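Peer 1: Provided below are the primary sequence and the corresponding predicted coordinates.
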Amino acid sequence: MITSQQNQIHTTISELFEDSKYDKLKIMKSAAKSVFRAMQPLDFKNAYLSISKEQGEDLVKLITDNKLKNSVEFGTSFGISTLFLAQGVIETGGHIITTELIESKAKKAIENFERAGVSELIEVRVGDAMETLKNHDKPIDLLLLDGWKDLYLPLFQMLEPNFHSHTIIYVDNADMKETKTFLETIGENSTYQLQPKFNGKVVLITIKK
């Protein structure tokens, strides 16, 4: 049965996807700057860089099917993926910690969480994730990697002590060069197994039983 809170989240997500329709133009403008210098996170301060609706729905199912509670997200942006996480943890009684480097994006995401009525489920940490998460010492059921790709490996390694036998790491943009390098490194570790999804755009990392 769909609750009023779930309807509120769904409505907010739909509105945000509508707002994000012009993202391609913003991303193209940011990419054009890379002709003269390497792209930086601030180049995307106005871009949603969102996961797809299909990915979001898959995340919700992943959380509910595996009864995942404690989620950590790297790369809040404007909060679309976080709202999908919220849809899942409402069912499991869980909580989300999400991180965003750019303060203006984090503020907008917080507004979106309030509009969706899920602020109490989400802790937003603003700043470099290597700093905002460095003292994290609680078990992680789900780690969503969807931020700056060069940080996937060091962030993974920093949070690794918090993984357990049922932890799932959800890697977005798995088809990008930097992410492929990260996945090759993880794939060399016999502890982990990798499962591609969405034609290789996503990879799930789990602990071998």
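Peer 2: Nice, thanks for sending it over. Only a predicted model underlies this, so the values are computations on that prediction, with no experimental measurement involved.

Peer 1: hey, let's count contacts and neighbours off CA atoms from now on
Peer 2: Fine.

Peer 1: Kindly provide the distance from the nearest residue to residue 69 once chain neighbours are set aside to residue 121.
Peer 2: Spatial nearest neighbour of residue 69, chain neighbours left out: residue 94 (3.8 Å); criterion: Cα to Cα, 6 or more residues apart in numbering. According to Cα to Cα, to the nearest Å, residue 94 and residue 121 sit 7 Å apart.

Peer 1: Show me what the helix or strand where residue 114 lies is packed against.
Peer 2: Secondary structure from DSSP states H and E places residue 114 in helix 103-116. Helix 103-116 makes packing contacts with helix 4-19, strand 122-126 when contacts are defined by 3 or more Cα pairs under 8 Å, 6 or more residues apart in numbering; DSSP states H and E.

Peer 1: Check for me that residue 170 belongs to a strand.
Peer 2: Yes - under DSSP: H, G, I helix; E, B strand; the rest coil, residue 170 falls within a strand.

Peer 1: about what we covered before: worst mean pLDDT among the helices and strands packed on helix 103-116?
Peer 2: Here the helices and strands packed on helix 103-116 differ in mean pLDDT, and the lowest is helix 4-19 at a mean of 82.

Peer 1: ok, back up a step: just checking, the residue nearest to residue 69 touches residue 70?
Peer 2: Yes - with contacts counted by Cα atoms under 8 Å, residue 94 reaches residue 70, the gap being 5.6 Å.

Peer 1: now residue 123, which residues is it bridged with?
Peer 2: Beta bridges link residue 123 to residue 97 when assigned by DSSP bridges.

Peer 1: contacting residues around it?
Peer 2: 96, 97, 98 (Cα atoms under 8 Å, 6 or more residues apart in numbering).

Peer 1: so where's this protein shaky on pLDDT?
Peer 2: 1-2, 19-50 (pLDDT under 70).

Peer 1: all helices of the protein, in order?
Peer 2: With DSSP state H, the ranges of helices along the chain come out as 4-19, 23-33, 53-66, 80-92, 103-116, 129-132, 152-159, 177-187.

Peer 1: Which stretch among those is buried most, on average?
Peer 2: helix 80-92 (a mean of 24; mean count of other Cα atoms under 10 Å).

Peer 1: now that helix, how far from the chain's geometric center?
Peer 2: 11 Å (Cα atoms, centre = their mean, to the nearest Å).

Peer 1: Please name every helix or strand in contact with it.
Peer 2: Checked by 3+ Cα pairs under 8 Å, 6+ apart, helix 80-92 has helix 4-19, helix 53-66, strand 95-100 packed alongside it.
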